[in-house]
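In: Could you look at this predicted model? Sequence included:
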Amino acid sequence: MVRSLMLGKSKLYWKNVFEGYAFISLWIVGFAVFTAGALFGSFSISLTKWNIVGTPEFIGLQNYQKMIEDEFFWKSLKVTLIFLLNVPLNLALGLFLAMLLNQKIRLIGFFRTLFYLPSVTAGVAVSLLWMWIFNPRFGVINVLLKNIGISGPAWLGSETWALPALIVMSVWGVGGGMLIYLGALQGIPTTFYEAATLDGANALQKFRRITVPMITPVLLLNLIMGVIASFQVFTQAFIMTSGGPNYATLFYVLYLYQNAFQWFNMGYASALAWVLFLVILAFTFLILRTSSSWVYYEGG
Amino acid sequence: MAQRSLEHQGQQSIVSSLVNLLQSRRRQDLILKTVVYLLLLIGAFGVMMPFFWMISTSLKRPGTEFTFPIEWIPVPPRFGNYWTAWSILPFNQWLFNTVRITGLSILGHIISCAIVGFGFARIRFPGRDAIFLLVLATMMLPFPSIIVPLFILFKELGWINTILPLVVPTFFATSAFYIFLLRQFFMTLPLELDDAARVDGCSTFGIFYRICIPLIKPALGIILVFSFMNHWNDFLGPLIFLSDLDQYTLALGLRFFQGQYRVEWTLLMAASLIILSPCIILFFVAQKNYIQGIVITGVKG
């Protein structure tokens, strides 16, 4: 009896094992080839000097040594890190907008749609649009500035203003984060606020003691997604500035792309690729490690 | 008597002060609401400005985009710009290519991620949770980090300049985000459903295909919308894997257009607007699904 029960159990057990792995087998194959395999391939290539036509020549860690002395590597890292400023900017603005929309107001659906709309647009078309918006003489920004007596900068043509211009452009997509906050804000039980009001808390106290803690999980999510996305900026830089002027917008991935597909330094590009991976990994872990001290999980 | 009137007065003053308080509350509310609306309107103006600018420019006679002051509503509007921009270059071919790649990719994502998501959500097997963590971890892997080996792999396979490098990986559940989303949806279905179906002799795949899939159709809608936006606008992938003009997607074609007609902003904006319009239309059509998907990302993430 016991024996047959155990046997029956293990039969189901093995059925589950077989079926479970059968269902996720697609992912396992995809992961092995397109993720783990590719990462491993990337590392192998990074140990070689290879212009794709000849045979790869093994050179050990020389590509990584070269990076340390490569001023453009450092420049591209710096540009990308400065661009990361868009993340806190978008976090704050997105939260602010979400709080405005979380008031009991009419037309909330209308405003929500409006603010979200830029987030469904992306790519080359949007880059072209912003190139035209930032046009130094005829773009809408400088024309409007001119109307109030300010002569605007050359934006994408200016070494100082090109990167801030791209940050402004990224803020246009603030609606994506806003929508996630709005979902979280609407999930906060109103009883929390009612209780706080009875205890005599003012608006600022309610914001700091209720709103902020309750949305920290979402804040963490937006922070990590924002950082990962910012490290991968490519299209804007490629289309709008080609990294210029004078390398002011030489984003990391653009430099990687140039090495791989314009100069065919496959080995060096792969070393850059691995460092990018490690940097993103380090940032994510750092954020996750510190998150336990500021992210509040209800019931946890 | 005197005491009574005092009491009465007291009551009155309480009532009047309450009324006062309410009135000031209401006034505060009114001020607050005005400020909120004002800020929202300013924000909305800023957000919509680029769209107005794009539409306005796209309707101008070429050359007149360089005039002061800005003519927001061009008279007469040149709707012909759209036709001109579209017919200068083989946009129809590029549209066809883009539709093909986008359609097949959506299909690949939906089929593969649904199967894998179901496995993670509804079958209990050893190692499942560890593997699922690995799935989530792949979200951190930047696509640019693997473009070189992928390019070499596809080159060896002779796939460069075909749609295969862009489409085939989607059939192998390469999007961790979609797996995650679908798993969450599968987990919300009651397990009794499976048991009941099993008693009736349904296989696990049957439970997946006949019972669970119809119940998570809204989730599949979310994936459809998300992956449409991604593949329609994708640039880096096509840039690397496609090289012939007749294989281009719309995004690549638009960039080629920019190279050829650098200062024709009226036509560039017209073409850009046409290319963006499916995303905008899809957003309005599927807004409910879309917003639900985003909010779920936040709540369950």
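Out: Sure thing, it's come through. Model, not experiment: these values are computed from the prediction.

In: anything in the lowest-mean-pLDDT helix or strand in chain A sitting right up against chain B?
Out: Within chain A, no helix or strand scores below helix A:2-30, which has a mean of 80 by mean pLDDT, DSSP states H and E. Yes - Helix A:2-30 reaches chain B (C-beta under 8 Å from any C-beta of the partner chain) through A:16-17, A:19-24, A:26-27, A:29-30. Placement of C-beta: from N, CA and C, glycine included.

In: Would you mark the buried spots in the next helix or strand after that helix?
Out: Using DSSP states H and E, the helix or strand that follows helix A:2-30 towards the C-terminus is helix A:38-46. If you call a residue buried by 16 or more other C-beta atoms under 10 Å in any protein chain shown, then helix A:38-46 has these buried ones: A:38-39, A:41-42, A:45-46.

In: Could you tell me how many residues sit around residue A:78?
Out: The local packing of residue A:78 (other C-beta atoms under 10 Å in any protein chain shown) involves 14 other residues.

In: For chain B, see how far away it is.
Out: Relative to chain B, residue A:78 is positioned 18 Å away (C-beta to the nearest C-beta, to the nearest Å).

In: Find the helix or strand that that residue is a member of.
Out: Counting by DSSP H and E, the element that carries residue A:78 is helix A:71-83.

In: so after that helix, what's the next helix or strand?
Out: Moving toward the C-terminus from helix A:71-83, the next element (DSSP H and E) is helix A:86-101.

In: That next one - what's its average pLDDT?
Out: Mean pLDDT, helix A:86-101: 92.

In: how near is residue A:74 to residue A:250?
Out: Going from residue A:74 to residue A:250 by C-beta to C-beta, to the nearest Å gives 10 Å.

In: out of those two, which sits in the more crowded spot?
Out: residue A:250 (23 against 12).

In: So which elements touch the least confident helix or strand of chain A?
Out: Applying 3 or more C-beta pairs under 8 Å, 6 or more residues apart in numbering or on different chains; DSSP states H and E, one finds that helix A:2-30 contacts helix B:91-122, helix B:128-137.

In: is it possible to export these to a markdown table including distance to residue B:274?
Out: Listed next are those as a markdown table, based on distance: least, C-beta to C-beta, whole Å:
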| stretch | distance to residue B:274 |
| --- | --- |
| helix B:91-122 | 8 |
| helix B:128-137 | 37 |
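
In: out of the ones you listed, deepest packed?
Out: Compared across these, helix B:91-122 shows the largest average neighbour count, a mean of 21 (mean count of other C-beta atoms under 10 Å in any protein chain shown).

In: tilt between that helix and helix A:2-30?
Out: Angle of helix B:91-122 versus helix A:2-30, following axes from the mean of the first three to the mean of the last three C-alpha atoms, to 10 degrees, is 160 degrees.

In: Taking helix B:128-137 as reference, get the angle to helix B:91-122.
Out: Angle between the axes of helix B:91-122 and helix B:128-137 is 150 degrees (criterion: the same axes, to 10 degrees).

In: where does the chain have low pLDDT?
Out: Unless you meant another one, I'm taking chain A. A:1-9, A:298-300 (pLDDT under 70).

In: not what I meant, chain B
Out: Scanning chain B for pLDDT under 70 picks out B:1-14, B:18-19, B:21-23, B:297-301.

In: farthest-separated two in the buried residues of helix A:38-46?
Out: Across those, the two members that end up farthest from each other (C-beta to C-beta) are A:38 and A:46, 12.3 Å apart.

In: middle-most residue in the chain, spatially?
Out: Unless you meant another one, I'm taking chain A. Residue closest to the mean C-alpha point of chain A, counted by C-alpha atoms, centre = their mean, is residue A:229 at 2.0 Å.

In: wrong chain, I was asking about chain B
Out: In chain B, the residue lying closest to the centroid (C-alpha atoms, centre = their mean) is residue B:226, at 4.6 Å.

In: contacts for the host helix or strand of that residue?
Out: Using DSSP H and E, residue B:226 falls within helix B:217-233. Residues outside helix B:217-233 that contact it (C-beta atoms under 8 Å, 6 or more residues apart in numbering or on different chains) are A:120-125, B:98, B:101-102, B:105-106, B:109-110, B:113-114, B:166, B:170, B:175, B:177-178, B:181-182, B:185, B:213, B:250-251, B:278-279, B:282-283, B:286, B:289-290, B:292-293, B:296.

In: What's the PyMOL syntax to select whichever of these are buried?
Out: To isolate the buried members of the contacts of helix B:217-233 in PyMOL, using 16+ other C-beta under 10 Å:
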select buried, (chain A and resi 120+121+122+123+124+125) or (chain B and resi 98+101+102+105+106+109+110+113+114+166+170+175+177+178+181+182+185+213+250+251+278+279+282+283+286+289+290+292+293+296)
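
In: what's next to the one helix or strand residue B:296 maps to, contact-wise?
Out: Residue B:296 belongs to helix B:287-300 when assigned by DSSP H and E. Under the contact criterion C-beta under 8 Å, 6+ apart, helix B:287-300 has outside partners A:112-113, A:116, A:120, A:176, A:179-184, A:187, A:218, A:221-222, B:181, B:184, B:218-219, B:221-222, B:225-226, B:283.

In: Report the inter-axis angle for it versus helix B:217-233.
Out: For helix B:287-300 against helix B:217-233, the angle between stretch directions is 100 degrees (the same axes, to 10 degrees).

In: and helix B:287-300, how far from the chain's centre?
Out: The chain centroid and the centroid of helix B:287-300 are separated by 10 Å, computed with C-alpha atoms, centre = their mean, to the nearest Å.

In: touching chain A at all, stretch B:187-197?
Out: No - using C-beta under 8 Å from any C-beta, stretch B:187-197 stays clear of chain A, with a minimum separation of 11.8 Å.

In: and that stretch, C-alpha only, in PDB?
Out: Presented in PDB, the C-alpha positions along stretch B:187-197 are these (Å, rounded to 0.1, in the frame of the first residue of the first chain):
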ATOM      1  CA  MET B 187      -1.200  32.000 -12.100                       C
ATOM      2  CA  THR B 188      -4.400  33.900 -11.600                       C
ATOM      3  CA  LEU B 189      -6.500  31.000 -13.000                       C
ATOM      4  CA  PRO B 190      -7.800  28.600 -10.400                       C
ATOM      5  CA  LEU B 191      -6.000  25.300 -10.200                       C
ATOM      6  CA  GLU B 192      -9.300  23.400  -9.900                       C
ATOM      7  CA  LEU B 193      -9.800  24.100 -13.600                       C
ATOM      8  CA  ASP B 194      -6.800  21.900 -14.400                       C
ATOM      9  CA  ASP B 195      -8.000  19.100 -12.000                       C
ATOM     10  CA  ALA B 196     -11.400  19.100 -13.500                       C
ATOM     11  CA  ALA B 197     -10.000  18.900 -17.000                       C
END
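
In: neighbouring contacts of that stretch?
Out: Under the contact criterion C-beta under 8 Å, 6+ apart, stretch B:187-197 has outside partners B:121-122, B:206-207, B:210-212, B:215-216.

In: Residue B:78: which of those is nearest?
Out: Checking the contacts of stretch B:187-197 against residue B:78 with C-beta to C-beta, the nearest one is residue B:216 at 46.7 Å.

In: Provide a list of residues in contact with the residue nearest to that closest one when sequence neighbours are not counted.
Out: Excluding the flanking residues, the one nearest residue B:216 by C-beta to C-beta, 6 or more residues apart in numbering or on different chains is residue B:185, at 4.5 Å. Residue B:185 is in contact with B:117, B:216, B:218-219, counting by C-beta under 8 Å, 6+ apart.

In: Against chain A, how distant is residue B:185?
Out: On the measure of C-beta to the nearest C-beta, residue B:185 and chain A end up 15 Å apart.

In: Count the residues that sit near residue B:83.
Out: Counted by other C-beta under 10 Å, the residues lying close to residue B:83 total 11.

In: same deal with the one 4 residues further on?
Out: Close neighbours of residue B:87, defined as other C-beta under 10 Å, add up to 10.

In: Tell me the spacing between it and residue B:281.
Out: Taking C-beta to C-beta as the measure, residue B:87 falls 22 Å from residue B:281.
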